[in-house]
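**Student:** Generate a structure from the sequence data that follows.
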Amino acid sequence: MMGKSKIKKNKPTMADRADKYLCYQQSVQSPEHEIEFFDQVFREAYGRRPMSLREDFCGTFAICCDWVRSHRKRTAVGVDLDAEPLKWGRENNLAKLTPSEQARVRLLQQDVRSANRPVDILTAQNFSFWIFKTRKGLLDYFRVAKDNLKKQGIFILDMMGGSECYDEEHTDVKVIRNGKHRYKYYWKQVRFNPITYDTQFHISFKFSDGSRLKKAFQYDWRFWSIPEVRELLAEAGFGESHVYWEQADENGEDTGDWSRQTEAPSDPSWIAYVVGLK
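**Tutor:** This next block holds a predicted model:
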């Protein structure tokens with residue numbers, strides 16, 4: 001009996017066996033939706049299909065991989081300073097592409113403020129550019145981003161806001177289904193300083209056996225507002241910018257359709273896109 005009890009006690013939990021990057025992709029990312037949106041806004045701006053993409057702060061670069069898969073002539077560049085997610089992406093995302101598709105993905109382990117060959121679309125997803133906490137720092141990044149775009153190019157940034165985002169200890173919970181299994185995703189607002197707008201978030205996961213992957217991802221950002229971002233885009237030299245807001249049906253439910261808006265209803269927790277046109 002003691003031997004059996006010991007074996008059971010030492011058995012790895014689901015959290016022990018979990019892959020945090022896979023959990024992140026399943027919980028947070030939706031590359032197919034992002035690419036549909038990229039196509040939409042580029043066509044609205046320039047009336048044609050975009051062919052080249054740069055994904056800044058790309059992590060495991062799932063969007064890059066779906067981008068080249070979506071058309072045989074599309075190319076993608078993924079840029080990130082962190083070697084670990086890039087390695088994971090090579091082994092788990094890039095490896096699933098055909099040789100032809102792999103050849104159209106270029107990965108750069110470097111600062112996103114580095115200049116490279118211009119592209120049609122440059123994107124910084126999941127609020128990643130909030131890592132720049134000063135006006136000068138963000139302006140410098142926006143100027144480099146503009147230079148990394150072709151003459152007809154767009155810069156896509158996602159934003160979040162609403163009163164819940166400033167509420168310390170507030171946690172959003174979502175159930176993620178993975179085949180026969182499911183687990184919970186926790187997005188926790190840990191800290192918010194109303195004087196500096198410094199903010200900290202954690203992502204954790206809880207599995208069906210009760211085990212947890214705590215603080216799998218941690219973020220130390222500055223909260224930026226849509227007006228601030230648009231003003232900095234203009235100062236960086238972008239010709240215009242637009243806000244895309246998700247549309248709601250007659251019952252107030254989100255539809256998944258996004259359109260340019262100049263006004264939006266008050267919402268305790270919202271997500272929007274800011275799109276800069278070169």
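
**Student:** on contacts alone, who are the packing partners of the biggest helix by length in the chain?
**Tutor:** Using DSSP state H to define each element, the chain has its longest helix at helix 31-46. The elements that helix 31-46 packs onto, with contact taken as 3 or more Cβ pairs under 8 Å, 6 or more residues apart in numbering; DSSP states H and E, are helix 62-69, strand 119-124, strand 149-161, strand 240-248, strand 254-261, strand 270-277. The C-beta positions use only the backbone N, C-alpha and C, and glycine is treated the same way.

**Student:** Which positions within it qualify as buried?
**Tutor:** For helix 31-46, a neighbour-count test (16 or more other Cβ atoms under 10 Å) marks 31, 34-35, 37-38, 41-42, 45 as buried.

**Student:** do stretch 70-88 as well
**Tutor:** 70, 74-80, 85-86, 88.

**Student:** Same question for stretch 99-112.
**Tutor:** Neighbour-count burial for stretch 99-112 [16+ other Cβ under 10 Å]: 101, 104-105, 107-108, 112.

**Student:** Just the CA trace of that stretch, in CSV.
**Tutor:** Taking Å, rounded to 0.1, in the frame of the first residue of the first chain, the C-alpha atoms of stretch 99-112 are listed here in CSV:
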residue,chain,number,x,y,z
PRO,A,99,9.2,23.0,-47.6
SER,A,100,7.9,25.7,-50.0
GLU,A,101,6.0,27.4,-47.2
GLN,A,102,8.9,27.2,-44.8
ALA,A,103,11.1,28.9,-47.4
ARG,A,104,8.8,31.9,-47.3
VAL,A,105,9.1,32.4,-43.5
ARG,A,106,12.1,34.4,-42.3
LEU,A,107,12.8,34.6,-38.6
LEU,A,108,14.9,37.4,-37.0
GLN,A,109,16.0,37.3,-33.3
GLN,A,110,16.5,41.0,-32.8
ASP,A,111,15.0,44.2,-31.5
VAL,A,112,11.8,45.2,-33.3
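
**Student:** Run through who's touching that stretch.
**Tutor:** Contact partners of stretch 99-112, identified using Cβ atoms under 8 Å, 6 or more residues apart in numbering, comprise 56-58, 61, 64-65, 68-69, 72, 74-83, 86, 89-90, 94, 97, 114, 116, 124, 141, 144.

**Student:** Could you pull out the strands in the stretch 1-150 of the chain for me?
**Tutor:** 52-56, 75-79, 105-108, 119-124, 149-161 (DSSP state E, counting those that start in this stretch).

**Student:** Would you tell me which of those strands gets closest to Asn193?
**Tutor:** For Asn193, the closest of the strands of the stretch 1-150 of the chain is strand 149-161, at 15.9 Å, according to Cβ to Cβ.

**Student:** how about the nearest residue to Gln25, chain neighbours excluded?
**Tutor:** Of all residues not flanking Gln25 in the chain, Ala62 sits nearest, at 5.6 Å (Cβ to Cβ, 6 or more residues apart in numbering).

**Student:** which residues sit in contact with the one you found?
**Tutor:** 25, 29, 31, 89, 93.

**Student:** Where does the prediction get shaky in the stretch 101-250 of the chain?
**Tutor:** Within the stretch 101-250 of the chain, no range satisfies pLDDT under 70.

**Student:** how about the helices in it?
**Tutor:** For the stretch 101-250 of the chain, the helices defined by DSSP state H, counting those that start in this stretch cover 135-147, 226-236.

**Student:** residues of the shortest one that come out buried?
**Tutor:** So that's helix 226-236. Neighbour counts over helix 226-236 (16+ other Cβ under 10 Å) mark 226, 229-230, 232-233, 236 as buried.
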